[in-house]
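**Student:** Build me a structure from this.
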Amino acid sequence: MERKRQEKKGRGAARSTDASVFRNVLCVTRALFHAYPKTIWVTPLYVICRVLVPFLGTLIPAAAIAGIMEGEPKKFFLVMMGMLFLSMAAGICCDISRQYLQDCRTFTRFHVFLYNYIEKVLTKDYVNVEPAERQKEISLGGKAVIGGNWGAEKLMTESVEFIVQLLGLSAYAAAVLTLDYRILLVLLFTFLLDFVLRGHAVRYYDRHRIELSEVHRKQEYLQKVSLDLGAGKDIRVYHMDGWFHRIFEKLHANAVDFQRRAEFRFYIPAFGNQFCVAGQEILAYFVLVSLVLSEEITVAEFALQLGMVRGFTNWIFGVSVSCGALKKANGETNDYRYVMEMPGRGSLGTEPVPICSETGSMSACSEAKPTPVCTKAGSVPVCTEGPEIEFRDVSFRYPGAEEDTISHFSFKIKPKEKVALVGNNGAGKTTLVKLLCGLYQPTGGNILVNGEDISGWKTDEYQKLLSVVFQDAFLLAFTVEMNVSGTVPDEEEQKKVKEALQEVGLREKVGRLPEGTKTYVTQTLDDGGVDFSGGERQRLLLARAVYQNGPILILDEPTAALDPIAESSLYEEYNHMTRDKTALFISHRLASTKFCDRILLLENGTIAEEGTHEALMEKHGRYRELFDIQSHYYRKGGVRENEA
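**Tutor:** Numbers count the residues shown, from 1 in each chain. Below is the predicted model of the structure:
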């Protein structure tokens, strides 16, 4: 309960990364001007035309009335035609420049802010992506660049609109200041009332935007799962569609409820404004009609001043609305900044992180924060064969956890040695793999390769030493060659792709496809795409590891979805491919790793037993017990005999 109260309290709290409206507007505007230099002169042109059009709209009727009242319409005809032509030209210019600016803002959001955001999320340390709290922050920050009505693009739009409103207000102020003081008091009261009530609504939205973002994140997840072909089979066979609908409806109801609560707070200033405007109109008519009857002003001046009062009212409301919109967009942009200023993946140590450059990555607006930096940039050794790997008193605790997942863990893998990590689920095997891959950093101890601590190496350079096949069969809906190479391969890289496919036994299969290695995986992006079987998908992942050709091979239960016989067969192929490499095999099926030079049995984050398969079997310890249990169920008729 206390944790929830703290979270609720922290939602509205300022973060060290939060910037003022001015600094964020400066950031997004510089990004826009840098990406599209023409907007530097199109923006002031739009502002001038935007103010000029309503001003001329107020002036033209007054000029027409003056001509009629004086009985000399011809005298004003040329003037009116000139003003009408100027109004038309300004209106056309305003529309064209508005559309041009809107397109440029959208393109800037896509090509600068969204691109940088995706790049940042993809290159963040894995530990800053995986936790649920980080997922919420990433989702919240992404909203600032996902659409034109939020965050960065909204700031670009509303900052210009705010200038328009201020200039319009200034242009009308001279005329309005000559009016009766009572009208000025009503106008001032209306502005202050709207400003305060609208500010209250914006603050409410700001405090609860995390709540709304979380609802949207869950809705997006449901949408993604409902369109996933793999999940689609289970959804249909088990008739889960009704359950999905109920969850989606509940989330939709939560979103609608929040929207209504937020909109209600925006309705309050709207209702208050209408009452004030009605009072202002009555007062303005009363004062101006009195002045006409007393012949202090003409009918034409009556029309002009009434138009000025109404125009001034619109401008003053526009300033209030723009202020509210800027505050709202600024809060969303600060969510974006918060994610952009998180430590990047540049190294396993520390480096400065740019925040707000003119290209939109967020550095011209604030100083870079110190984050983990590499002390030996580019010092990763070139390994032509498998190196030595050592975990020296390594501990790791997940953020927010009360206990270590890995505690004072030590072991060494000799050069070109094949070692298996086995154990039940939850023993800590996958955590060790993430640590070795540089996805996590130890909270204690050191990981060494050939005697050197990897914390002093750049992450990207270090990971070139690794060829990894993870448990999840993750293939992108691109071509076979793109999935294997991780890029759009050139001619030389295409040869390497085919060699890798040959190595894993898929060259013939892929060669029979209509487009060969250029065939798409699944039909998500291409109607001619092919869906590979589970075993074939695993082999494609292995081909990716072969293509990488790192001297360290890591296999993290990549065959968990296969049957024991298929898994054992594939592991034998893995064994064949590990020549001259240091290999680490992860499995909870003990029989699949008998070929390894050494087996480590993990329990509760520590090594329970260690040795070759034969030695561990002769020891009659925990390994032998688990092996016998597993082999009992794999043995033909074992379960039936036991049940009998």
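**Student:** care to break this protein down by domain?
**Tutor:** By the record's domain assignment, the chain is partitioned as 17-212+264-341, 385-475+551-619, 476-531 (automatic domain parsing).
**Student:** Switch those over to JSON lines; also include distance to residue 258.
**Tutor:** Where C-beta positions appear, they are placed from N, C-alpha and C, glycine not excepted. Converted to JSON lines, the domains of the chain look like this (distance: least, C-beta to C-beta, whole Å):
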{"stretch": "domain 17-212+264-341", "distance to residue 258": "5"}
{"stretch": "domain 385-475+551-619", "distance to residue 258": "26"}
{"stretch": "domain 476-531", "distance to residue 258": "33"}
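**Student:** Tell me which of these sits nearest to residue 257.
**Tutor:** Counting by C-beta to C-beta, residue 257 lies closest to domain 17-212+264-341 out of these; the figure is 10.1 Å.
**Student:** I'd like the average pLDDT over the closest one.
**Tutor:** Computed over domain 17-212+264-341, the mean pLDDT rounds to 80.
**Student:** quick one: contacts of stretch 80-95?
**Tutor:** Contact with stretch 80-95 is made by 45-46, 49-50, 52-53, 56-57, 59-60, 63-64, 67, as judged by C-beta atoms under 8 Å, 6 or more residues apart in numbering.
**Student:** Report the buried residues of it.
**Tutor:** By neighbour count on 16 or more other C-beta atoms under 10 Å, the buried set for stretch 80-95 is 80, 83, 87, 90, 91, 93, 94.
**Student:** so of those residues, which ones are in helices?
**Tutor:** Within the buried residues of stretch 80-95, membership in helices is found for 80, 83, 87, 90, 91, 93, 94, as judged by DSSP state H.
**Student:** May I have stretch 121-133 as CSV, with CA atoms only?
**Tutor:** Once non-C-alpha atoms are left out, stretch 121-133 reads as follows in CSV (Å, rounded to 0.1, in the frame of the first residue of the first chain):
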residue,chain,number,x,y,z
VAL,A,121,15.3,2.2,-27.1
LEU,A,122,17.1,-0.4,-29.2
THR,A,123,20.5,0.6,-27.9
LYS,A,124,19.6,1.1,-24.2
ASP,A,125,21.1,-1.4,-21.7
TYR,A,126,18.8,-4.4,-21.6
VAL,A,127,18.4,-3.9,-17.8
ASN,A,128,16.8,-0.5,-18.6
VAL,A,129,14.3,-2.0,-21.0
GLU,A,130,13.2,-5.3,-19.4
PRO,A,131,11.6,-4.2,-16.1
ALA,A,132,7.9,-3.4,-16.0
GLU,A,133,8.5,0.1,-14.7
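**Student:** Retrieve the pLDDT associated with the closest residue to residue 598 other than its chain neighbours.
**Tutor:** Closest residue in space to residue 598, ignoring its immediate chain neighbours: residue 419 at 5.0 Å, by C-beta to C-beta, 6 or more residues apart in numbering. Taken from the predicted model, the pLDDT recorded for residue 419 is 91.
**Student:** Next, residue 419: secondary structure please.
**Tutor:** Here residue 419 takes the strand state, with states given by DSSP: H, G, I helix; E, B strand; the rest coil.
**Student:** hang on, it packs against residue 596?
**Tutor:** Yes: under the criterion of C-beta atoms under 8 Å, residue 419 makes contact with residue 596 at 6.1 Å.
**Student:** joint contacts of those two?
**Tutor:** With C-beta under 8 Å, 6+ apart applied, the overlap between the contact sets of residue 419 and residue 596 consists of 583, 585.
**Student:** Could you list the paired strands of the helix or strand residue 555 falls within along with their orientation?
**Tutor:** In this structure, residue 555 sits in strand 552-556 according to DSSP states H and E. When pairs are called by DSSP bridges, strand 552-556 turns out to pair with strand 466-469 (parallel), strand 582-587 (parallel).
**Student:** Pick the most buried one from those strands.
**Tutor:** Comparing the strands paired with strand 552-556 on average neighbours per residue, with mean count of other C-beta atoms under 10 Å, the densest one is strand 582-587 at a mean of 24.
**Student:** So what's the gap between that one and the chain middle?
**Tutor:** Distance of strand 582-587 from the chain centroid (C-alpha atoms, centre = their mean, to the nearest Å) equals 33 Å.
**Student:** which residues sit against that strand?
**Tutor:** 386-389, 413-422, 429-430, 433, 436, 551-557, 559, 567, 571, 574, 592-593, 596.
**Student:** Give me the three-state assignment for residue 387.
**Tutor:** coil.
**Student:** Test my guess that it contacts residue 449.
**Tutor:** Yes: Residue 387 is within contact range of residue 449, at 5.2 Å (criterion: C-beta under 8 Å).
**Student:** Point out where the stretch 351-500 of the chain drops to low pLDDT.
**Tutor:** Applying pLDDT under 70 to the stretch 351-500 of the chain flags residues 351-381, 473.
**Student:** Tell me which stretches of it form helices.
**Tutor:** Counting by DSSP state H, counting those that start in this stretch, the stretch 351-500 of the chain forms helices over residues 429-436, 459-463, 480-485, 491-503, given from the N-terminal end onward.
**Student:** hey, where'd the strands end up in the stretch 301-450 of the chain?
**Tutor:** In chain order, the stretch 301-450 of the chain shows strands spanning 352-353, 369-370, 389-396, 406-413, 418-422, 444-449, with DSSP state E, counting those that start in this stretch as the criterion.
**Student:** Ok, which of the ones you listed comes nearest residue 510?
**Tutor:** If you check each of the strands of the stretch 301-450 of the chain against residue 510 by C-beta to C-beta, strand 418-422 wins as the nearest, at 28.2 Å.
**Student:** hang on, the earlier thing: distance to residue 282 and mean neighbour count for the helices of the stretch 351-500 of the chain - can I get that in JSON lines?
**Tutor:** Putting the helices of the stretch 351-500 of the chain into JSON lines (distance: least, C-beta to C-beta, whole Å; neighbours: other C-beta atoms under 10 Å) gives the following:
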{"stretch": "helix 429-436", "distance to residue 282": "71", "mean neighbour count": "21"}
{"stretch": "helix 459-463", "distance to residue 282": "70", "mean neighbour count": "19"}
{"stretch": "helix 480-485", "distance to residue 282": "70", "mean neighbour count": "24"}
{"stretch": "helix 491-503", "distance to residue 282": "78", "mean neighbour count": "16"}
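**Student:** Could you check the pLDDT of the closest residue to residue 528 other than its chain neighbours?
**Tutor:** Across the structure, with C-beta to C-beta, 6+ apart as the measure, the residue nearest residue 528 apart from its sequence neighbours is residue 514 (6.1 Å). For residue 514, the pLDDT comes out at 84.
**Student:** so residue 514 makes contact with residue 527?
**Tutor:** No: taking C-beta under 8 Å as the contact criterion, residue 514 and residue 527 are not neighbours in contact, 11.2 Å apart.
**Student:** and residue 625, how many neighbours does it have?
**Tutor:** Counted with other C-beta atoms under 10 Å, the burial measure for residue 625 works out to 10 neighbours.
**Student:** Next one, pLDDT for it please.
**Tutor:** Reading off the per-residue confidence, residue 625 sits at a pLDDT of 87.
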